[in-house]
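Undergrad: predicted structure and sequence below. I'll ask about it afterward.
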Amino acid sequence: MILYALIGKTLHHSFSASFFTNEFADKHICASYINCEMPSVEGVGQMLAERPALRGFNVTIPYKRDIIPLLDTVSPRAARIGAVNTVVVERTGNSIKLHGYNTDAPGFRDSLLPILPENRSGLKALILGTGGASAAVADALDELDITYTFVSRNCQGKNNCIAYSDITEEEMETHRIIINTTPLGTTPDTALAPPIPYGMISKEHICHDLVYNPAMTRFMRLCADRWATVKNGLEMLHNQALLSYILWTGTDLRTIK
């Protein structure tokens, strides 16, 4: 049986295994998907040696950057973002080559598009956080020709970045898209939310949270209470997973009946 996996340090929070398990069962695909927790990204070598049926794996926190030196090739998008979340395992005899990609950026792009206005001219976004996920979001916004500003507790060494305390009324009025790329609000710490001036949110705002557990985060609730359009990260998760499978197999799961 063909095998796929997710690697990370702690994976109890991940929905990837259940997503693929359900997809494989529904589509009668003879494959399985497992979680592989490892204390160091160096555990990838042992994983590959012990699982000869492994043909691809996803990468999550904190290894999306650490995995890059172990790869034989990295796609231009992943190199630009500086993070890999999908690896294709190429086996030829006893030789193994690893090819890295980033499906987070197009996954986010395809999640954001349905809630954008038809006319995107002049749209600006605030990206909350400057971690690895923020780079994928920024890449997607570049592709959509949406300008953005990062917001962080610490902007040291980061261009185009302001502190949370520096968000003004003008910033809120001119940046109608707000994207939370931080883990704030994730279960079990559901009472947390990024410290932005929610009283300045309006019905003109689009507020996208990459967090998907819980389905309605405090960030989303505070924005929805001000009549903003809100969306969580579950569709992005599904999108990036489906794009990963295309890279592994050349097949789109959505086309399989």
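TA: Perfect, I can see it now. Because the structure is predicted, anything quoted here is derived from the model rather than measured.

Undergrad: looking at Cys30 now. What's its pLDDT?
TA: Cys30 carries a pLDDT value of 96.

Undergrad: ugh, wrong one, Leu222
TA: Leu222 is assigned a predicted lDDT (pLDDT) of 98.

Undergrad: so where do the strands sit in the stretch 1-150 of the chain?
TA: When secondary structure is read from DSSP state E, counting those that start in this stretch, the stretch 1-150 of the chain shows strands at 2-8, 31-37, 54-59, 73-74, 86-92, 95-101, 124-128, 147-152.

Undergrad: looking at these, which is nearest to Ile179?
TA: Distance to Ile179, taken as C-beta to C-beta, is lowest for strand 124-128 among those, at 5.3 Å. (Each C-beta comes from the backbone N, C-alpha and C, glycine too.)

Undergrad: all strands of the stretch 151-257 of the chain, in order?
TA: Using DSSP E, counting those that start in this stretch, the strands assigned to the stretch 151-257 of the chain run over residues 161-163, 177-180, 206-209, 229-231.

Undergrad: can you tell me the centre-most residue of the chain?
TA: Closest residue to the average C-alpha location of the chain: Asp104 at 4.2 Å, with C-alpha atoms, centre = their mean.

Undergrad: format the strands of the stretch 151-257 of the chain as TSV; extra columns: distance to Gln46 and mean neighbour count.
TA: What follows is those, written out as TSV (distance: least, C-beta to C-beta, whole Å; neighbours: other C-beta atoms under 10 Å):
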stretch	distance to Gln46	mean neighbour count
strand 161-163	39	15
strand 177-180	35	26
strand 206-209	35	25
strand 229-231	39	20
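
Undergrad: Serialize the ones you listed to TSV and add fields for mean pLDDT.
TA: Formatted as TSV, the entries for the strands of the stretch 151-257 of the chain read as follows, by pLDDT from 0 to 100:
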stretch	mean pLDDT
strand 161-163	96
strand 177-180	98
strand 206-209	98
strand 229-231	98
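
Undergrad: which of these sits closest to Tyr63?
TA: Closest approach to Tyr63 among the strands of the stretch 151-257 of the chain (C-beta to C-beta): strand 177-180, 21.9 Å.

Undergrad: not counting its own residues, what contacts the closest one?
TA: 112, 116, 123-129, 137, 146, 148, 194, 196, 201, 205-211, 217, 219, 223 (C-beta atoms under 8 Å, 6 or more residues apart in numbering).

Undergrad: what about that strand, distance to the chain center?
TA: Relative to the chain's own centre, strand 177-180 is displaced by 14 Å; criterion: C-alpha atoms, centre = their mean, to the nearest Å.

Undergrad: again with stretch 112-125
TA: 19 Å.

Undergrad: for it, how far is the first residue from the last?
TA: Using C-alpha to C-alpha, to the nearest Å, one end of stretch 112-125 lies 12 Å from the other.

Undergrad: average pLDDT for that stretch?
TA: Per-residue pLDDT over stretch 112-125 has a mean of 95.

Undergrad: I figured Pro62 hits Gly8, correct?
TA: Yes - proximity of Pro62 to Gly8 meets the contact threshold set by C-beta atoms under 8 Å, at 7.5 Å.

Undergrad: neighbour-wise, which of the two wins?
TA: In this comparison of Pro62 against Gly8, neighbours counted by other C-beta atoms under 10 Å, the higher total goes to Gly8 at 21 against 13.

Undergrad: that one contacts Pro39, doesn't it?
TA: No - no contact is recorded between Gly8 and Pro39 when judged using C-beta under 8 Å, the distance being 10.7 Å.

Undergrad: tally of neighbours for Asn119?
TA: Per other C-beta under 10 Å, the neighbour tally for Asn119 reads 7.

Undergrad: show me the contact partners of whichever helix in the chain runs longest.
TA: Among all segments of the chain classified by DSSP state H, the helix with the greatest residue count is helix 234-249. Applying C-beta under 8 Å, 6+ apart, the external contacts of helix 234-249 come out as 4, 15-16, 19-20, 23, 55-56, 58, 85-86, 88, 101, 103-104, 106-108, 110-111, 210, 212, 215, 251-254.
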